[in-house]
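Undergrad: following is a predicted model, sequence given first.
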Amino acid sequence: MTTMASFLTPFMGSSINVALPALGREFSLHALSLNWVATSFLLAAAMSLVPLGRMADLYGRKRIFLWGIVLYTGASLACSLAPEVVILIFSRFLQGIGGAMIFGTATAILISVFPASVRGRVLGINVAAVYTGLSAGPLIGGLLTQHLGWRSIFLFNAGLGLVVLFFTLWKLREEWAEARGERFDLGGSLLYSLSLLLLMVGLSFLPAVPAILSVGAGIAGIAAFLKWEKGNPSPLLNLSLFYRNRAFTCSNLAALIHYCATYAVSFLMSLYLQLIQGLSPQYAGTVLLIQPVLQAAFSPLIGRLSDRIEPRLLASLGMAFTVCGLCLLIFLNGLSSLAYILISLALLGLGFALFSSPNVNAIMSSVDRKFLGLASGTLATMRILGQMFSMGIAMLIFALFIGTVQLSPLTYPLLLKSMKWTFVLLALLCGLGIFASLARGRMR
């Protein structure tokens, strides 16, 4: 059931992007509202992942996982029935909290259930489920949107959630709460969550003065949270590894940057393929399939190579491939050929395959066994924060170039201009990330 649950959240993220143009037409949405439909899930997950992970250690991983499935399933059903966009965005926010409760505990449950002798194989199956969700999302999402409408994607997710809930209640009997009795850092949790909320809301309304103040307050809040955690005897997020372990710090920074540089691509390309290229949702989903398929196909091979070749070299090469793919996307226009688009996305898929497994290997190999759970949770946090900031960058560019105008053929030139500058920023960011990747030093 944990493997099935690990399929759910990446499938939801990759499938909804294909449905955004159809959803936008039904609700007459402008670009920023469309962005919030995608971003609200990530924001909720980013705000709640660390606090809920800590609560799982304190009060029981099965309990948090089970209620996460319930919340995710109920929110998916609410999304499918949403009569207006405000209710849809709020339901997506609740869905994101449920998603954080699921993927914040699923790996820990697997490690708790299976002995060390088969742990690698079990975790490999779990990772395969994540990649399967990423790969199946664009294709199934496109098919459902074209033939049954965008609401069917959420109904499909609700159905999968009910299946996972059934098997969880039937099969999962034990409970794990190794930190039971320790104190929960409520102050740190509130400071962490509120800071991320202020930062993302502010980015979406720039350059207005209240938005600038909101972004400033969010950044100040994150700085205050780090100071709070450093002196806390029972911290929400243990920062000690970052201060003492350069390989751990640089590898997590590289993960944050790489996810930030890549996540918004599928959102932007879905709009581009359907609105500017005029492709159907099903066809657009098929085109977007190339990136996760290559990622899933090459990641196991690259993972084995990282046992023999320095992870920093493979991961840095992967970031270089990603930069090349992003640079090609900068020059997209209304007449770009399908071959050009496929090559760009293929470079991104190969870049992610080269980066992901070696970087995970570097992170998990840089800490003692007693810190494996902490290292895994930290990496998950970097991933979700990177994804959220990626959508935040796209949101900022949309706010500056398009504003609150509904997307139509008259605004497509502005959409192309927004995409170009978003890809420019993402490529520059990923280029800087190569230095962070190389700075981790030799692992062997």
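TA: Good, I have the coordinates. Residues are numbered from 1 along each chain as shown.

Undergrad: so where is the stretch 301-444 of the chain shaky, pLDDT-wise?
TA: Counting by pLDDT under 70, the stretch 301-444 of the chain shows low-confidence ranges at 369-377, 441, 443-444.

Undergrad: which residue ranges of it form strands?
TA: Counting by DSSP state E, counting those that start in this stretch, one finds no strands in the stretch 301-444 of the chain.

Undergrad: which elements pack onto the helix or strand where F167 lies?
TA: Assessed by DSSP states H and E, F167 sits inside helix 151-171. Packing partners of helix 151-171 (3 or more Cβ pairs under 8 Å, 6 or more residues apart in numbering; DSSP states H and E): helix 2-27, helix 61-81, helix 116-148. The C-beta positions use only the backbone N, C-alpha and C, and glycine is treated the same way.

Undergrad: now that helix: buried residues?
TA: 151-158, 160-161, 164-165, 168 (16 or more other Cβ atoms under 10 Å).

Undergrad: confidence-wise, which of the residues you listed comes last?
TA: Across the set of those, T168 stands lowest in pLDDT, at 74.

Undergrad: in this structure it contacts F65, no?
TA: Yes. T168 is in contact with F65 according to Cβ atoms under 8 Å; the separation is 7.0 Å.

Undergrad: for the stretch 51-200 of the chain, which spans come out with low pLDDT?
TA: 107-108, 110-128, 172-182.

Undergrad: next up, the contacts around K230.
TA: When the contact criterion is Cβ atoms under 8 Å, 6 or more residues apart in numbering, the partners of K230 are L239.

Undergrad: for it, give its distance to F242.
TA: 10 Å (Cβ to Cβ, to the nearest Å).

Undergrad: for L148, same thing?
TA: Computed as Cβ to Cβ, the L148 to F242 distance reads 47 Å.

Undergrad: with neighbour numbers in mind, choose between these two.
TA: F242 (17 against 12; other Cβ atoms under 10 Å).

Undergrad: what's the domain layout of this structure?
TA: 1-173, 185-233, 238-444 (automatic domain parsing).

Undergrad: residue contacts, the closest residue in space to N17 that isn't next to it in sequence?
TA: Distances taken as Cβ to Cβ, 6 or more residues apart in numbering put S270 closest to N17, at 4.4 Å, once the chain neighbours are dropped. Each residue near S270 by Cβ under 8 Å, 6+ apart is listed here: N17, V18, L20, P21, A284, L288.

Undergrad: surely the first one meets F41?
TA: No. The criterion here is Cβ under 8 Å, and N17 misses it with F41 at 11.1 Å.

Undergrad: between the two, who's got more neighbours?
TA: F41 (30 against 26).

Undergrad: helix or strand: which one has that one?
TA: Assigned by DSSP H and E, F41 falls in helix 31-59.

Undergrad: just the CA trace of the one helix or strand V86 maps to, in PDB.
TA: Using DSSP H and E, V86 sits in helix 85-103. Output in PDB follows, covering the C-alpha atoms of helix 85-103 (Å, rounded to 0.1, in the frame of the first residue of the first chain):
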ATOM      1  CA  VAL A  85     -11.800  28.100  -8.700                       C
ATOM      2  CA  VAL A  86     -11.500  29.400  -5.100                       C
ATOM      3  CA  ILE A  87     -13.000  26.100  -3.800                       C
ATOM      4  CA  LEU A  88     -10.700  24.200  -6.200                       C
ATOM      5  CA  ILE A  89      -7.600  25.900  -5.000                       C
ATOM      6  CA  PHE A  90      -8.600  25.400  -1.300                       C
ATOM      7  CA  SER A  91      -9.300  21.700  -2.000                       C
ATOM      8  CA  ARG A  92      -5.900  21.400  -3.800                       C
ATOM      9  CA  PHE A  93      -4.300  22.900  -0.600                       C
ATOM     10  CA  LEU A  94      -6.000  20.200   1.500                       C
ATOM     11  CA  GLN A  95      -4.900  17.600  -1.000                       C
ATOM     12  CA  GLY A  96      -1.300  18.900  -0.600                       C
ATOM     13  CA  ILE A  97      -1.400  18.400   3.200                       C
ATOM     14  CA  GLY A  98      -2.700  14.900   2.700                       C
ATOM     15  CA  GLY A  99       0.000  14.200   0.100                       C
ATOM     16  CA  ALA A 100       2.700  15.400   2.600                       C
ATOM     17  CA  MET A 101       1.200  13.000   5.200                       C
ATOM     18  CA  ILE A 102       1.600  10.200   2.700                       C
ATOM     19  CA  PHE A 103       5.000  10.700   1.200                       C
END
